[in-house]
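**Student:** below is the sequence, then the predicted model.
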Amino acid sequence: MTKVGLEIEEGVALLRFDNPPDGLMDDTVEPDFAAALDAAEADASVRVVVLTGAQEGVFIRHYDVALLARRAAEMRRRGMQFGLDRPVPEAPFHAILRRIESSPRPYIAAINGTAMGGGFELALACDFRLAQDGDFSLGLPEVNLGILPGAGGTQRLARTIGPAAALWYIARGETLSPRDAAAAGLVHECVDGDVVAAALDLAARLKRRSGLALSHIKALVRQHAQGPLDAGLAAERTLFCDLMVSDEAATAMEAVAAGTRDIRQG
């Protein structure tokens, strides 16, 4: 039985993680996750992807620490040593997060419960994060184990809330409630009630937008904005013109110019 369910309806793919009893990410979930992404990305009808947990109160609790401990023991047994002059290659989970971040489609994390460590790193790889209010823990507590976030947490959180704030939370190993996480900017919104319904509402709004425009916007903000300003501005000008010559944009702009459409209309 797959540990990542996939439902596709009206242009939205909904992926649900289901790994009872604890809702951990591990090497049995990763291949099912990759397969679900393959199916969602291959479906031309899919405009937006929503990720959530199938278990009540759990998005993904965290990466399986017992599995990490076994891997650490094997590396120690082999006398392995590491340095920045020899970068470690991507593991399957790293590749999955990179796929989400680089996809032209918007990804929404509907965080329906606890999401720590690798679970929160998955949320950080998504474009939008909605968290359900409740007695849940969100964040990156890895330093409490003498390790650090190893699936993009240090880099993506720093890009989300700034290096100083990211260092503050990661170095202290602090987790936050959904409401506090929203106030600190770790998630976009804390939702009273059903977070999946809220995510699907957001997905419905996004899918009404130009798919090409959303793809270009995502690439500019998530990729080009991390590099030199001049290069980012050049990319922005280029992709702006690419949209200007599209049929969809031409029709919409002509309607605004003629006074038959408001620029605020989605």
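**Tutor:** Perfect, I can see it now. Numbering: from 1, shown residues only.

**Student:** list the contacts of residue 20.
**Tutor:** Contact partners of residue 20, counting by C-beta atoms under 8 Å, 6 or more residues apart in numbering, are residue 55. Bear in mind the C-beta positions are built from the backbone N, C-alpha and C, glycine included.

**Student:** and with 10 Å instead?
**Tutor:** 3, 54-55, 58 (C-beta atoms under 10 Å, 6 or more residues apart in numbering).

**Student:** I'd guess it is in a strand, am I close?
**Tutor:** No: secondary structure of residue 20 (DSSP: H, G, I helix; E, B strand; the rest coil): coil, not part of a strand.

**Student:** so how far is residue 115 from it?
**Tutor:** For residue 20, the distance to residue 115 (C-beta to C-beta, to the nearest Å) stands at 16 Å.

**Student:** tell me where the stretch 51-200 of the chain has helices.
**Tutor:** 65-77, 92-102, 118-125, 153-161, 163-172, 178-184, 195-207 (DSSP state H, counting those that start in this stretch).

**Student:** return the most buried member of those.
**Tutor:** Mean neighbour count (mean count of other C-beta atoms under 10 Å) peaks for helix 118-125 among the helices of the stretch 51-200 of the chain, with a mean of 27.

**Student:** avg pLDDT for that one?
**Tutor:** Mean pLDDT, helix 118-125: 98.

**Student:** so which elements touch it?
**Tutor:** strand 48-53, strand 57-60, helix 92-102, strand 107-111, strand 113-116, strand 128-132, strand 138-139, helix 153-161 (3 or more C-beta pairs under 10 Å, 6 or more residues apart in numbering; DSSP states H and E).

**Student:** which residues sit against the third one?
**Tutor:** Spelled out, it's helix 92-102. With contact meaning C-beta under 10 Å, 6+ apart, helix 92-102 is reached by 25-27, 29-31, 33-34, 36-38, 41, 49, 51, 63, 88-90, 107, 109, 118, 121-122, 124-127, 150-152, 156, 218-219, 222-223.

**Student:** helix or strand next in line after the helix ranked longest in the chain, which one?
**Tutor:** Counting residues, the longest helix found in the chain (DSSP state H) is helix 229-244. Downstream of helix 229-244, the next assigned helix or strand under DSSP states H and E is helix 247-257.

**Student:** just to revisit the earlier point, redo the helices and strands packed on helix 118-125 as a markdown table? Include distance to residue 167.
**Tutor:** Below are the helices and strands packed on helix 118-125 laid out as a markdown table (distance: least, C-beta to C-beta, whole Å):
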| stretch | distance to residue 167 |
| --- | --- |
| strand 48-53 | 27 |
| strand 57-60 | 24 |
| helix 92-102 | 21 |
| strand 107-111 | 23 |
| strand 113-116 | 18 |
| strand 128-132 | 20 |
| strand 138-139 | 13 |
| helix 153-161 | 8 |
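
**Student:** no further questions, thank you.
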